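Any chance you could fold what I've pasted below:
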Amino acid sequence: MRQTWRWFGPSDTVSTSEMLQAGVEGVVSALHHIPTGQVWQPDAITQRQSEIARLPDGTPSGLAWEVVESLPVSEDIKRQSGEWRAHIDAYKTSLENLARAGLEVICYNFMPVLDWTRTDLHWPRPDGATCMRFDFVDFAAFDLFILERPGAKESFPPEIIEQARARFAKMDDAAKKAIARNVVFGLPGAAESFSLRDVQANLDAYRTVTPDRLRTNFVDFLTEVIPTAERLGLRLCCHPDDPPFDLLGLPRVMSTEADFRQLTGAVDSPANGITLCTGSLGARGDNDLAGMMERLGPKVHFLHLRNVTRESPNAPGSFYESRHLDGDVDLVAVIAAVLREEARRRAEGRSDVSIPMRPDHGQDILDDLTRQAQPGYPLIGRLKGLAELRGVITALSHPKHGATA
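Numbers count the residues shown, from 1 in each chain. Sure thing, here's the model as predicted:
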């Protein structure tokens with residue numbers, strides 16, 4: 001497994017020097033400043049590569065940009081509206097430019113409107129750490145009584161509606177604004193600028209898009225871009241829905257193993273694969289993560305390794321992001337399945353034997369609590385998670401004592 005680290009560019013609170021000290025082997029990044037639907041030009045790609053290749057003092061870092069996360073798919077493409085055809089052409093051109101720069105793994109998602117959703121970005125834990133959390137009752141209170149989305153009552157069982165009503169009644173203005181801000185944070189680039197009216201306008205644009213329609217549009221997108229990716233030797237890998245269940249009346253089509261089987265079967269190509277995110281998928285108790293890695297392994301091009309603790313037995317439900325080796329996801333079993341898949345690839349002579357992984361998210365601990373990093377991306381919390389994962393990998397792959405010996 002190739003150990004990588006997500007980096008948001010020069011504005012990231014983590015420096016290239018700190019990534020190097022963490023012992024990572026490669027960097028995961030993207031050009032977040034380029035509006036969705038526009039071409040990633042060669043000079044912008046080269047600029048990001050050079051930023052990663054240098055330490056703050058200008059000396060070589062020895063690091064390289066190895067995984068793109070993500071090359072975003074526009075809402076027009078997902079809805080097949082507006083400039084969607086032009087956006088697909090731009091997507092193909094961006095793939096050409098990325099391949100020319102030497103990049104091979106491209107992560108993306110097909111989630112409408114929200115890239116991810118949490119109700120608390122800094123939930124305090126008993127040991128003083130903080131983490132991200134999704135509270136289903138808080139979310140219902142937001143949807144029903146703050147956003148006041150038409151049809152929201154049909155999205156929740158009666159007992160949740162009553163709990164949300166009682167909780168909302170106790171909220172002051174600051175609490176209402178905090179929940180709205182946290183939910184809106186999952187809108188790409190919108191955390192500081194989107195109003196509730198903007199959110200509702202985005203939701204309204206999907207009113208006629210059913211899950212079946214979104215799946216059809218997804219297959220149409222794959223039919224267009226996968227041949228280009230295969231010709232270029234790229235590996236595209238779709239990230240699952242986060243969380244993996246319906247929210248705000250939006251369709252969700254990448255939440256279960258069946259969804260991923262449909263994705264990879266619709267356009268069968270080495271270029272069409274998945275990002276196995278144990279945290280996103282782990283928010284559902286019916287997702288067997290180790291089994292998914294075993295069964296879908298040949299199509300896994302990228303790994304996000306994190307853990308969650310489910311507070312409700314069923315989905316949808318509340319959960320929080322736990323420490324990497326705690327929680328409801330058996331990451332030891334997942335890593336063992338990854339190592340078996342890599343052994344199979346090695347025996348088959350595949351060139352992509354080492355699957356890139358990154359320690360996904362992490363609890364804010366120690367100095368993280370004052371760094372004000374991107375939510376979910378603390379330096380020390382991720383470093384701790386990476387060290388724990390690295391220990392599991394080392395133990396399982398030990399030539400004399402490991403499970404793969």
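
any low-confidence regions in the stretch 151-300 of the chain?
Residue ranges of the stretch 151-300 of the chain with pLDDT under 70: 187-194.

change it to 90
184-199, 202 (pLDDT under 90).

In the helix or strand residue 381 falls within, which residues are buried?
Taking DSSP states H and E as the definition, one finds residue 381 inside helix 379-396. For helix 379-396, the neighbour count (16 or more other Cβ atoms under 10 Å) marks 379-386, 388-389, 392-393, 396 as buried. To be clear about C-beta, it is placed using only N, CA and C from the backbone, and glycine gets the same treatment.

for stretch 90-99, same thing?
Under the neighbour-count criterion of 16+ other Cβ under 10 Å, stretch 90-99 has 90-92, 94-99 buried.

what's the helix or strand harbouring residue 183 packed up against?
Applying DSSP H and E as the criterion places residue 183 in helix 173-184. Applying 3 or more Cβ pairs under 8 Å, 6 or more residues apart in numbering; DSSP states H and E, one finds that helix 173-184 contacts helix 136-141.

With pLDDT and distance to residue 136 added, can I get the buried residues of helix 379-396 in CSV?
Listed next are those as CSV, based on pLDDT from 0 to 100; distance: Cβ to Cβ, whole Å:
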residue, pLDDT, distance to residue 136
379, 97, 30
380, 97, 29
381, 97, 24
382, 97, 26
383, 97, 31
384, 97, 28
385, 97, 25
386, 97, 30
388, 97, 28
389, 97, 29
392, 97, 31
393, 97, 34
396, 96, 35
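
and which of those residues is nearest to residue 170?
residue 381 (30.6 Å; Cβ to Cβ).

Return whichever helix or strand comes after the helix holding residue 183 as CSV; C-alpha atoms alone will do.
On the C-terminal side of helix 173-184, the nearest following helix or strand under DSSP H and E is helix 196-204. The C-alpha trace of helix 196-204 is given here as CSV (Å, rounded to 0.1, in the frame of the first residue of the first chain):
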residue,chain,number,x,y,z
LEU,A,196,-30.3,29.0,2.8
ARG,A,197,-32.0,30.4,-0.2
ASP,A,198,-29.0,29.4,-2.3
VAL,A,199,-29.1,25.9,-0.8
GLN,A,200,-32.8,25.5,-1.6
ALA,A,201,-32.2,26.7,-5.2
ASN,A,202,-29.6,24.0,-5.6
LEU,A,203,-32.1,21.4,-4.3
ASP,A,204,-34.9,22.7,-6.5
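
In contact with the most centrally placed residue in the chain, which residues?
Residue closest to the average C-alpha location in the chain (Cα atoms, centre = their mean): residue 239, at 5.7 Å. Applying Cβ atoms under 8 Å, 6 or more residues apart in numbering, we find residue 239 in contact with 70, 107-109, 254, 275, 277, 280, 304.

Return, as residue ranges, the portions of the stretch 1-150 of the chain with sub-threshold pLDDT.
Across the stretch 1-150 of the chain (using pLDDT under 90), the flagged ranges come out as 114-115.

so where do the strands sit in it?
Under the criterion DSSP state E, counting those that start in this stretch, the stretch 1-150 of the chain contains strands at 2-6, 26-29, 65-69, 105-109, 120-124, 130-134.

And those strands: which comes nearest residue 146?
Across these, residue 146 has its closest neighbour in strand 120-124 (14.7 Å, Cβ to Cβ).

got a pLDDT number for residue 373?
Note on residue 373: pLDDT of 88.

Regarding it, what is its secondary structure?
Put simply, residue 373 is coil when judged by DSSP: H, G, I helix; E, B strand; the rest coil.

how about the strands in the stretch 301-405 of the chain?
Under DSSP E, counting those that start in this stretch, the stretch 301-405 of the chain gives strands at 307-310, 319-322, 356-359.

contact partners of stretch 167-178?
Contact partners of stretch 167-178, identified using Cβ under 8 Å, 6+ apart, comprise 137-138, 141, 144-146, 179.

Most neighbours out of those, which is it?
residue 141 (27 neighbours; other Cβ atoms under 10 Å).

Now do the buried residues in the helix holding residue 183.
Applying 16+ other Cβ under 10 Å to helix 173-184 flags 178-180, 182-184 as buried.

which one of those sits closest to residue 123?
Nearest to residue 123 among these: residue 182, at 10.1 Å, using Cβ to Cβ.

give the contact list for that closest one.
Counting by Cβ under 8 Å, 6+ apart, residue 182 touches 118-121.

Pull up the distance across stretch 239-259, start to finish.
In stretch 239-259, first residue to last residue: 11 Å (Cα to Cα, to the nearest Å).

So which bits of that stretch are buried?
239-244, 247-257, 259.

Could you measure from residue 319 over to residue 170?
22 Å (Cβ to Cβ, to the nearest Å).

okay, these two: which has more neighbours?
residue 319 (26 against 8).
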